[in-house]
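Peer 1: below are the sequence and a predicted model; questions follow.
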Amino acid sequence: MNSARPTGKEITVREINTEAGMRDVITLRDRVYVDDQGRLNSVDDTKETFDKYDQYGTYFVAYSDATPIGAVKIIRDSELGLPCESTAKLTVDLNDYRAKGARLVEFGHLVSAPEVRSQGVGMQLMRHGLIFSITMLKATHILGDFFADANGNFQHFYTQTGFEPICEPYQDVRFAGSPLSVVGMVAIETAFKLWREGSESQRKLLQFFFAELDTRRASPPTLSADAR
């Protein structure tokens, strides 16, 4: 559990393992997806999509004092596969990675309350999810289903951190009126290398994400070259 001040107030990110914490997640979904964006009629609409992976998911929630202001779900691979495999037509076969020992993790349902949007809360949640995935889940690859930019392309922010698109832009039918989405994937080994050897902006950005890890000496989980 760490604190930061992206909004000028102290923000605490917590791993959720209580019923009260899950109520905070549902409250955030209701505020963002139903009230603010109008993309769901009800948070109950997620039961057959988002929630079926909950047994393999870990939630992190950001709080300002006791108020939940953001959340992200970290989903480890399982017999259900990953959510992106059921929503997008991928240009890679994840089973090829699994066959060679990859440990796949997907980030999903990253939301922040309207009053703190674009103030760094999502970055803090992604950072905690990344550290958790590396240290606790021993992930070799991280996937995420991200909104495309205004032109329908993969966003530059994600390429800066090593993500590569693995599908064409598509419309996520789970949400009414949502912008185009793109699934991206990054090998942890690639992200570590960019942190050490990438451009100045890449090193600075990845330093934010890896600040709690001794990545200069640590060896990230890797696969053989033909599995990347």
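Peer 2: Cool, the structure landed. Residues are numbered from 1 along each chain as shown.

Peer 1: which secondary structure element of the protein has the lowest mean pLDDT?
Peer 2: Considering only helices and strands, the least confidently modelled element of the chain by mean pLDDT, DSSP states H and E is strand 2-4, at a mean of 41.

Peer 1: following the chain onward from that strand, which element is next?
Peer 2: The C-terminal neighbour of strand 2-4 among helices and strands, as given by DSSP states H and E, is strand 11-15.

Peer 1: now for that next one, which elements pack on it?
Peer 2: Counting contacts by 3 or more Cβ pairs under 8 Å, 6 or more residues apart in numbering; DSSP states H and E, strand 11-15 packs against strand 2-4, strand 57-64, helix 121-135. In this view, the C-beta of every residue, glycine as well, is placed from N, C-alpha and C.

Peer 1: make a markdown table from these and add distance to residue 165 and mean neighbour count to it.
Peer 2: Supplementary listing: the helices and strands packed on strand 11-15 in a markdown table, determined by distance: least, Cβ to Cβ, whole Å; neighbours: other Cβ atoms under 10 Å:
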| stretch | distance to residue 165 | mean neighbour count |
| --- | --- | --- |
| strand 2-4 | 29 | 14 |
| strand 57-64 | 23 | 21 |
| helix 121-135 | 17 | 21 |
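
Peer 1: looking at these, which is closest to residue 185?
Peer 2: Between residue 185 and the helices and strands packed on strand 11-15, the tightest spacing by Cβ to Cβ is seen for helix 121-135, at 12.7 Å.

Peer 1: give me the mean pLDDT for the closest one.
Peer 2: Averaging the model's pLDDT scores along helix 121-135 yields 95.

Peer 1: how much does it deviate in direction from strand 57-64?
Peer 2: If you take axes from the mean of the first three to the mean of the last three Cα atoms, to 10 degrees, helix 121-135 sits at 140 degrees to strand 57-64.

Peer 1: mind giving me the packing neighbours of the following helix or strand past helix 121-135?
Peer 2: On the C-terminal side of helix 121-135, the closest following helix or strand by DSSP H and E is strand 141-147. When contacts are defined as 3+ Cβ pairs under 8 Å, 6+ apart, strand 141-147 sits against helix 83-87, strand 104-112, strand 180-187.

Peer 1: so which of these comes closest to residue 72?
Peer 2: strand 104-112 (4.5 Å).
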